[in-house]
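Engineer: can you look at this prediction? I've put the sequence above it.
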Amino acid sequence: MKLTSIFKALSAFAFCIIFMGASDQKGIFDGSGDIGNPKLKGSFNYDVATKTYTLSGGGFNIWNDTDQFYYAWKKVSGNFSMTTKVAFEGKGVDPHRKIGIMIRETLTGPSRYADIGIHGDGLTSLQYRPENGEQTKEIVGPKNGNYITLERVGNKISMRTATDKVPTDVTAELEMVFPKSVYVGIYIGSHNLDVVETAHFTNVEFTKLK
């Protein structure tokens, strides 16, 4: 084999290794970062061995007419379902710190969105901003579940929650129009400008639906 052929083969192999390594570091997600430019920056880590996503993030809140938080996302089209088991790390500072799954139109602070919010005090709700820059609303669900599923089928957004098992029962739902292509992922917000909170997301599953 000619040296040029060997070099091309080795280069292609090296590229595959680098690409696979980068993909492994992100897990199922395309990207991650702070939304709304919070004072303290967040971070993302994926443990390949345990398939655990660890997010740290700050921000004043995910509420009112704009948001600040940390988000790990993938760009998807059409109907989908995403499930994860969630757990805060430590006692935390603000009882309204929150973690969950979110569908978002854009990666800007005032974006239209819907999410499942698990708060530090156990409050669980299906939150949503009907239009960009409008006030956030919520539908309160059962408290203290640690397994959550957010599902989109057409214009219907559904929340499922349960404790220590994959949820099967719908605990809240709403009708909301999103564009076909959206951002979907997991998030954390500290509800405090001067605090960064951390949470762990395990058993994360994403399913495309018809």
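Structural biologist: Perfect, I can see it now. Numbers count the residues shown, from 1 in each chain.

Engineer: list the contacts for the nearest residue to Lys98 once chain neighbours are set aside?
Structural biologist: Closest residue to Lys98 in three dimensions, ignoring its sequence neighbours and counting by C-beta to C-beta, 6 or more residues apart in numbering: Gly117, at 4.5 Å. For every residue, glycine as well, the C-beta is placed using N, CA and C. With contacts taken as C-beta atoms under 8 Å, 6 or more residues apart in numbering, Gly117 has the following neighbours: Ile62, Lys98, Ile99, Gly100, Leu123, Thr124, Ser125, Leu126, Gln127, Glu138.

Engineer: number of residues surrounding Ala87?
Structural biologist: Other residues lying near Ala87 total 13 when counted by other C-beta atoms under 10 Å.

Engineer: what do you get for Ile99?
Structural biologist: Ile99 is flanked by 28 other residues according to other C-beta under 10 Å.

Engineer: got it, and Gly100?
Structural biologist: Using other C-beta under 10 Å, Gly100 has 26 other residues around it.

Engineer: correct me, but it touches Ile118?
Structural biologist: Yes: with contact defined as C-beta atoms under 8 Å, Gly100 counts as touching Ile118 (5.3 Å).

Engineer: shared neighbours of those two, which are they?
Structural biologist: The contact sets of Gly100 and Ile118 overlap at Val86, Ile148 (C-beta under 8 Å, 6+ apart).

Engineer: mind checking how far the residue nearest to Lys98 is from Gly154?
Structural biologist: Gly117 sits 23 Å away from Gly154, taking C-beta to C-beta, to the nearest Å as the criterion.

Engineer: again, but for Arg112
Structural biologist: On the measure of C-beta to C-beta, Arg112 and Gly154 end up 16 Å apart.

Engineer: then Val86?
Structural biologist: Using C-beta to C-beta, Val86 is found at 26 Å from Gly154.

Engineer: just Asp94 next, same as before
Structural biologist: If you measure Asp94 against Gly154 using C-beta to C-beta, the figure is 36 Å.

Engineer: may I ask you to name the longest strand in the chain?
Structural biologist: Criterion DSSP state E: the longest strand present in the chain is strand 197-208.

Engineer: can you list contacts of that strand?
Structural biologist: Among residues not part of strand 197-208, those counted as contacts by C-beta under 8 Å, 6+ apart are 27-28, 50-58, 74, 76, 78-90, 92-93, 97, 99, 147, 166, 184, 186, 188-190.

Engineer: quick check: chain neighbours aside, which residue is closest to Asn192?
Structural biologist: Nearest-residue entry for Asn192: Asp94, 4.9 Å, with adjacent residues in sequence omitted and distances by C-beta to C-beta, 6+ apart.

Engineer: no no, Ala162
Structural biologist: By the measure of C-beta to C-beta, 6+ apart, the closest residue to Ala162 outside its immediate chain neighbours is Tyr147, 4.7 Å from it.

Engineer: return the set of residues that bridge with the one you found.
Structural biologist: When bridges are called by DSSP bridges, Tyr147 pairs up with Lys85, Ala162.

Engineer: just the helices in this protein please.
Structural biologist: Using DSSP state H, the helices of the chain run over 3-26.
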